[in-house]
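J.: Next come a sequence and a model predicted from it.
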Amino acid sequence: ANKDKISIGRLEVQGIAAFILNSEGHYEAINRNYCNYFLSSESVALFAENLPNKPSYIIGQIVHMEHKVVRAAIPFGEEVVTSDPLDGADISKLPVIGRSTCIGREPTGSICNPYNLPIGSEYFVVTVAMLPDPIQSS
C-alpha cells in the first residue's frame with residue numbers, strides 16, 4: 001500500500017484509510033468496491049482523546065482488521081437451545097444488546113450486531129493508528 005495516499009479500493013494493514021461518521025453514529029470506511037468496514041471503538045477513543053471535538057471523519061493507518069459475520073440473535077427472555085460450548089451457561093451474565101442476548105465466542109464473528117446489518121453479512125472492524133501529522137476535520 002502506498003503510505004502517501006488514502007486507499008479507497010481494497011483496505012489492507014499498513015494502508016491509510018478514511019472513515020466518515022454515518023447516520024447511526026459509527027465511523028464507516030470510504031471505500032469504492034467494498035462496504036461494511038467500520039472503525040474500532042479503540043480507534044474512535046484514541047482520536048476522541050486527542051481532538052477537541054468529535055470529528056466528522058477520521059484518517060489513520062490500518063494496524064489490524066478483524067473479519068466478522070452477523071449471526072441471528074436470540075430474543076431476550078427466550079429459552080436457549082444450543083449445542084454450543086456455552087450450553088448450560090448462565091445467559092444472565094452475557095452482554096445484552098437492545099432486547100437480544102449475544103451468545104457466541106468464535107474469534108471470527110459474533111451474533112451481536114452493533115451495525116444493524118442483515119443476518120449473514122460480513123463486516124470488518126478496523127483498528128487504525130494516528131498519522132504523524134493527522135489531517136482531521138474541525
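T.: Yes, it's here.
J.: then the host helix or strand of Val125 to PDB, C-alphas only?
T.: Per DSSP states H and E, Val125 falls inside strand 122-130. Extracted C-alpha coordinates of strand 122-130, given in PDB (Å, rounded to 0.1, in the frame of the first residue of the first chain):
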ATOM      1  CA  GLU A 122     -19.700 -10.000   6.500                       C
ATOM      2  CA  TYR A 123     -18.100  -6.900   8.000                       C
ATOM      3  CA  PHE A 124     -14.700  -5.800   9.200                       C
ATOM      4  CA  VAL A 125     -13.700  -3.900  12.400                       C
ATOM      5  CA  VAL A 126     -10.600  -1.900  11.500                       C
ATOM      6  CA  THR A 127      -8.100  -0.500  14.000                       C
ATOM      7  CA  VAL A 128      -6.000   2.500  12.900                       C
ATOM      8  CA  ALA A 129      -3.100   4.400  14.300                       C
ATOM      9  CA  MET A 130      -3.000   8.200  14.200                       C
END
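J.: partners of that strand in the sheet?
T.: strand 37-39 (parallel), strand 57-69 (antiparallel) (DSSP bridges).
J.: Dump those to TSV, plus distance to Ala45.
T.: The way it works is simple: take the backbone N, C-alpha and C, and place the C-beta from them, glycine included. Shown next, in TSV, are these (distance: least, CB to CB, whole Å):
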stretch	distance to Ala45
strand 37-39	10
strand 57-69	11
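J.: any weak-confidence spans in this structure?
T.: Low-confidence segments of the chain, defined by pLDDT under 70, span residues 1-3, 73-111, 133-138.
J.: Now do the phi/psi pair for Ser40.
T.: With angles defined as degrees, to the nearest 10, Ser40 sits at phi -70, psi 150.
J.: which ones are touching the closest residue to it other than its chain neighbours?
T.: Take Ser40 and drop its neighbours on the chain: the residue closest to it by CB to CB, 6 or more residues apart in numbering is Thr127, 4.4 Å away. Residues near Thr127 by CB atoms under 8 Å, 6 or more residues apart in numbering: Ser40, Glu42, Ser43, Ile62, Val63, His64, Met65, Glu66.
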